[in-house]
Structures are given as structure tokens and as C-alpha cells.
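# I'll drop the sequence and a predicted model, then ask my questions.
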Amino acid sequence: MGKTLRVAGTIGESIVDGPGLRYVIFTQGCPHACPGCHNPETHDFAGGTEIDSDVLAADILKNPLLSGVTFSGGEPFCQAEALCAVADALGGKKRLMAYTGYTFEQLLTLPDPFVLRLLSQLDLLVDGRFVEAERNISLRFRGSENQRVLDVPASLAAGTAVWDETYR
Ligand code: SF4
């Protein structure tokens, strides 16, 4: 028995939510209320459905073709403990990436200790709220110019946001 995660849905195979072929988990619940958000149905913290982290991880591990898993939202970092449980159950077999409406700097100030633990399990982080005035459909893996694709291990080591230059 793992941890309970509230999700808006999942996609078994995606090539648009990060590098390679990825499983995508859309977490349910988001506090950011970005104007122009494409997924308003994911905002309600009481919406979606509940799923056990072990069940989710087993579903992911069934597909050997997957190169990674993307935690999207909603706001994944509002359920950091349950996502850490998913990551633990995957045992390092898949590369992990997350989207967040927080900036990297804001994440470091959140009181939930699982936020830092979740960050430490990620390769990539796309951070910052979606800003409609800065929307640009040609950007890779992000929706607006203000968002960044960060190299998480390098960012944590430096204590400041470090771009993954592959995606700038
Ligand atoms: S953080 Fe994402 S899900 Fe939340 S309101 Fe902004 S764009 Fe929508």
C-alpha cells in the first residue's frame, strides 16, 4: 500500500510533455489560477479521482518503451509526498520531470519537506506560472516565455536556478 494521489488523469504515452516517450500524470488541484490556463478542470482540490502510488507505478513499469514520467497538473508540488512515493516505487528506472506553477526559488521556501525530496528525484523542472501575455507556441515543453526548463540536479547543487541549455 503506497500513498494516495489525487489525479485529473493520466496519459500512457506522450511525446509532447518532455523528452522521449513519457507517461504523464496530471495531478488534481492547483492554487495558482493562471488566467488562460488550459486545464481549469484540474484546479479543484476535491475533484478528480484517487489512485494509490504503487498502482500507478506498476502501470508505468508495465511499459518498457517509456523513457520517463512527467508530473503535470494541476500543481504537482501540492502532492509532493504522494509523488515521492511514486518515484520511490519506480526505483530509478524512469527519468522524472515535473511542471510547476511555482518558481524554483519559491519551491525552496515551501514548508513541506517533501517538496525538496521530490525535487531531488527530478531531472527536469519546467517552472513558473503560465502567463498569457507571454504565450509562445514555438517554445519547447513550455507555454510562456517566463517559464524555464531547469536542470534540477545542477540547480540544487548551485542553490539557484540553472537552465538545461538543450531546451532554452
Ligand atoms: S499552474 Fe498550470 S494548472 Fe495551475 S492554473 Fe497555472 S497553468 Fe493552470
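Cool, got the structure. Residues are numbered from 1 along each chain as shown.
# quick one: buried residues of stretch 119-134?
Leu119, Gln121, Leu122, Asp123, Leu124, Leu125, Val126, Asp127, Gly128, Arg129, Phe130 (16 or more other C-beta atoms under 10 Å). Quick note: C-beta positions are derived from backbone N, CA and C, even for glycine.
# If we check the ligand, which of those are in contact?
Arg129, Phe130 (C-beta under 6 Å from any ligand atom).
# For the chain, which residues are neighbours of the ligand?
30, 32-34, 37, 39, 42, 73-75, 101, 129-130.
# now for the residues you listed, which pair is the farthest apart?
Pairwise distances across the residues of the chain next to the ligand (C-beta to C-beta) peak at 14.0 Å, for the pair Thr42 and Arg129.
# Give me the local confidence score for His38.
Listed pLDDT for His38 reads 88.
# What strand or helix carries it?
If you go by DSSP states H and E, His38 is not part of any helix or strand.
# Determine the number of other residues adjacent to it.
His38: 9 surrounding residues under other C-beta atoms under 10 Å.
# From Phe141, how far out is it?
To Phe141, His38 is 14 Å away according to C-beta to C-beta, to the nearest Å.
# Report the beta-bridge partners for the residue positioned nearest the centre of the chain.
Geometric centre of the chain, nearest residue: Ala98, 2.2 Å, by C-alpha atoms, centre = their mean. Taking DSSP bridges, one obtains Phe71, Leu125 as the residues bridged to Ala98.
# List the contacts of it.
Residues counted as contacts of Ala98 (C-beta atoms under 8 Å, 6 or more residues apart in numbering) are Thr70, Phe71, Ser72, Pro76, Phe77, Leu83, Leu118, Leu122, Leu124, Leu125, Val126.
# ditto for Val131
Taking C-beta under 8 Å, 6+ apart, one finds Cys34, Ser144, Glu145, Asn146 in contact with Val131.
# Could you report the pLDDT at the closest residue to Ala87 other than its chain neighbours?
Spatial nearest neighbour of Ala87, chain neighbours left out: Gln121 (4.3 Å); criterion: C-beta to C-beta, 6 or more residues apart in numbering. On pLDDT, Gln121 comes in at 98.
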